[in-house]
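Participant: After the sequence you'll find the predicted model.
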Amino acid sequence: MTQDELKKAVAAAAIEMVKPAIFDGEIIGIGTGSTANFFIDLLAEFRDDIKGTVASSEASAQRLRSHGIEVIELNDAGTLGVYVDGADESNSHLELIKGGGAALTREKIVAAASKKFICIADESKLVDQLGAFPLPVEVIPMARSYVARELLKMGGNPVYREGVVTDNGNIILDVYDFMIATPQKTEEEINAIVGVVTNGLFALRPADVLLLGTSNGVREITP
Ligand SMILES: O=C(CO)[C@H](O)[C@H](O)COP(=O)(O)O
């Protein structure tokens, strides 16, 4: 199977998992990226049944609306029933690296506001240790050089993601050469640097279930 076929298979499995929430009238949180896009496209079948969605990026909001699916503001939504999103890496505890699409801050907010976080990914994303994928850090623009120096002191190699401005008007530093042995501690330490909005580690609020697309079918992994 191709990587796209694996992504589509996990998106279909996630649809089955969120159906009860849809028919219970819960608001559904929607992630960002190519795997989330497959999920959005399949969700279109339920456009008349869904009470509302909250999107983690402008791109996902646009795609949802293009299918006629209602998008509402998180501030008007209360607690969400379920959040479905992809990841750049996951370990077996379902601690994640996210933010390859620069949407990490809104993704983290929507995940935090959701009762259940279903992560959907192809098998290439499951790793023993997080960090081969460069860790995205969203930074207030004027703090870019200061935050980069602090990340260097922590042992990483931060690289400015040229030409990218987040939906919140900030920039991204991608931290290379940074294998992460203690994800919760690292998440807290980076977030404590003044000027950092948030980093792409989802360890303090990991996923609740990982639907992993493999050539032998979709595996459901819980921590
Ligand atoms: O965190 C993300 C966007 O900020 C995505 O979930 C992550 O980059 C995975 O993307 P894809 O499904 O395209 O592999």
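Facilitator: Looks like it came in fine. All of these numbers come straight from a predicted model, not from anything done at the bench. Numbering: from 1, shown residues only.

Participant: Surely P136 is in a strand?
Facilitator: Yes. P136: assigned to a strand according to DSSP: H, G, I helix; E, B strand; the rest coil.

Participant: What pLDDT does the model give the residue lying farthest from the centre of the chain?
Facilitator: Here the chain reaches farthest from its C-alpha mean at K153, the gap being 26.7 Å by C-alpha atoms, centre = their mean. On pLDDT, K153 comes in at 98.

Participant: cool, M1 as well?
Facilitator: Value listed for M1 in the pLDDT field: 88.

Participant: got the contact list for the longest strand anywhere in the chain?
Facilitator: The longest strand of the chain (DSSP state E) is strand 114-122. In this structure, residues lying in contact with strand 114-122 by C-beta atoms under 8 Å, 6 or more residues apart in numbering are 3, 6-7, 10-11, 13-14, 17-18, 29, 35-36, 39, 79-87, 90, 94, 96, 111, 205-213. For the C-beta atoms, the positions are set from N, CA and C on the backbone; glycine is no exception.

Participant: Strands - which of these land there?
Facilitator: 29, 80-85, 90, 96, 209-213.

Participant: So what's the residue count around E73?
Facilitator: 9 (other C-beta atoms under 10 Å).

Participant: ok, now which ones touch G217?
Facilitator: Per C-beta under 8 Å, 6+ apart, neighbours of G217: A9.

Participant: How about the backbone phi and psi for it?
Facilitator: phi 120, psi -180 (degrees, to the nearest 10).

Participant: That one bridge partners, please.
Facilitator: T214 (DSSP bridges).

Participant: mind checking how far it is from the ligand?
Facilitator: 19 Å (C-beta to the nearest ligand atom, to the nearest Å).

Participant: same check, this time on E220
Facilitator: 18 Å.

Participant: Spell out which parts of this structure neighbour the ligand.
Facilitator: 31-35, 85-88, 98-104, 107 (C-beta under 6 Å from any ligand atom).

Participant: List the buried residues for stretch 54-61?
Facilitator: For stretch 54-61, burial by neighbour count (16 or more other C-beta atoms under 10 Å) applies to V54, A55, S56, S57, A59, S60, A61.

Participant: starting at the chain centroid, how far to that stretch?
Facilitator: Centroid separation between stretch 54-61 and its chain, computed with C-alpha atoms, centre = their mean, to the nearest Å, is 11 Å.

Participant: what does that stretch rub up against?
Facilitator: Against stretch 54-61 from outside (C-beta under 8 Å, 6+ apart): 27-32, 36-37, 40, 64, 71-74, 77, 80, 85, 101, 103, 106-107, 109-110, 113, 167.

Participant: Span of that stretch from start to end?
Facilitator: Criterion C-alpha to C-alpha, to the nearest Å; first-to-last residue distance in stretch 54-61 is 8 Å.

Participant: And for stretch 121-141?
Facilitator: 31 Å.

Participant: chain center to the biggest helix by length in the chain: distance?
Facilitator: Longest helix in the chain, counting residues (DSSP state H): helix 3-23. From the chain centre to the centre of helix 3-23 is a distance of 16 Å (C-alpha atoms, centre = their mean).

Participant: Please name every helix or strand in contact with it.
Facilitator: strand 28-30, helix 34-43, strand 80-85, strand 114-122, strand 209-214, strand 217-221 (3 or more C-beta pairs under 8 Å, 6 or more residues apart in numbering; DSSP states H and E).

Participant: From L204, how far off is the closest residue to A203 other than its chain neighbours?
Facilitator: Nearest non-adjacent residue to A203, counting by C-beta to C-beta, 6 or more residues apart in numbering: P183, 3.5 Å away. According to C-beta to C-beta, to the nearest Å, P183 and L204 sit 9 Å apart.

Participant: Thanks again, I'm all set now.
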